[in-house]
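Participant: Kindly generate the corresponding structure for this input.
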Amino acid sequence: MLDRNWFTELCEEAGSAFSLKIRGKLHEEQTPFQKIEIYETTDFGNLMVIDGFIMLSSRDNFLYHEMMSHPVLFTHPAPKRVLIVGGGDCGTLREVLRHPDVECVEQVDIDERVTRLSEIHFPELCEANDDPRARLHFADGIQWVADAPDDSLDVIIVDSTDPIGPGEVLFTEDFYRHCRRALGENGLLVQQSESPVYHLDLLTDMHRKMRRAGFARTQILNFPQPVYPSGWWSATLAGNGELSAFRVRDVEARPFPTRYYNQRIHEAALAVPEFVERHLREALS
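Facilitator: Numbers count the residues shown, from 1 in each chain. Down below sits the predicted model:
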């Protein structure tokens, strides 16, 4: 919602709103899939909005992109084959490719315009797009996972929009079942899972569906995200091994810089508040 010098996103289900002061609109278009708007803000850099919902800002996107990539990659014992479903702004792709042992990253986003506009308005996120290990595909991520051979991937990162419209099918048991098959026994899935304080029912429903789809364990990762509803966001890990253990020494010796993620942040992100833990325990029993 645009009101003079402010962009406001309403969160009707929580009776709240979040606003950013803007200098002007840089771009607007309706693609075959969604409406994309780019604004210049006074304090958060550029802002991407899809179908009226904030996707990212220049100022704080590092929180999300680092937490969607580094925890899962340092939890897996040796991630080499990575699939990103969604992630058209390419920020998660950039973070994944900071890991030198990753050999191949397939990124599948249905809307090429998200990537092309990111290259213009968020070029810092697209620095790794020409990395020879990266392969960008503009196609249906659901079908891509369904067609993936068994045990062909080590990590799947679902960097999706909210579970409405085109993103809704990425939160189904059938999708998770295909992920489980493509990952094999030791593979890991991570997906953004909304706000624990605003969307707890959705979060627990994801855990139920992941478990029914064949993942033995699920684990929440908590992190701040100022431009998203409530300012408190989460990602959910799914796998068959111990999800609270990670390669601590490799984190400490990582050969690349991070702005948010480190060993202590990883450990802290695994802590689950009592009301969330109780809700999950009841839902999964």
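Participant: so Val102, which of the three states?
Facilitator: When classified by DSSP: H, G, I helix; E, B strand; the rest coil, Val102 comes out as coil.
Participant: and it, how many neighbours?
Facilitator: Around Val102 there are 21 other residues, counting by other Cβ atoms under 10 Å. In short, each C-beta sits where N, CA and C put it, glycine included.
Participant: Quick check: it touching Leu93?
Facilitator: No. With contact defined as Cβ atoms under 8 Å, Val102 does not reach Leu93; the gap is 10.5 Å.
Participant: Give the burial count for Glu12, as a bare number.
Facilitator: The local packing of Glu12 (other Cβ under 10 Å) involves 7 other residues.
Participant: now swap in Gly231 and tell me
Facilitator: Neighbours around Gly231, by other Cβ under 10 Å: 13.
Participant: Tell me how far it lies from Ser195.
Facilitator: 8 Å (Cβ to Cβ, to the nearest Å).
Participant: What are the boundaries of the strands in the stretch 1-150 of the chain?
Facilitator: Listed in chain order, the strands found in the stretch 1-150 of the chain under DSSP state E, counting those that start in this stretch are 2-3, 6-11, 16-30, 35-41, 46-50, 53-57, 81-86, 104-108, 134-137.
Participant: ok, now how distant is the most centrally placed residue in the chain from Tyr198?
Facilitator: The centre of the chain sits closest to Asp159, judged by Cα atoms, centre = their mean, with a distance of 3.3 Å. Applying Cβ to Cβ, the value for Asp159 to Tyr198 is 20 Å.
Participant: ok, now Val190?
Facilitator: 20 Å.
Participant: and these two? which has more neighbours close in?
Facilitator: Set Val190 next to Tyr198 and count neighbours by other Cβ under 10 Å: Val190 wins out with 27 against 19.
Participant: Off-centre distance for the helix or strand hosting the more buried one?
Facilitator: In the assignment (DSSP states H and E), Val190 maps to strand 188-192. What separates the centre of strand 188-192 from the centre of its chain is 8 Å, taken as Cα atoms, centre = their mean, to the nearest Å.
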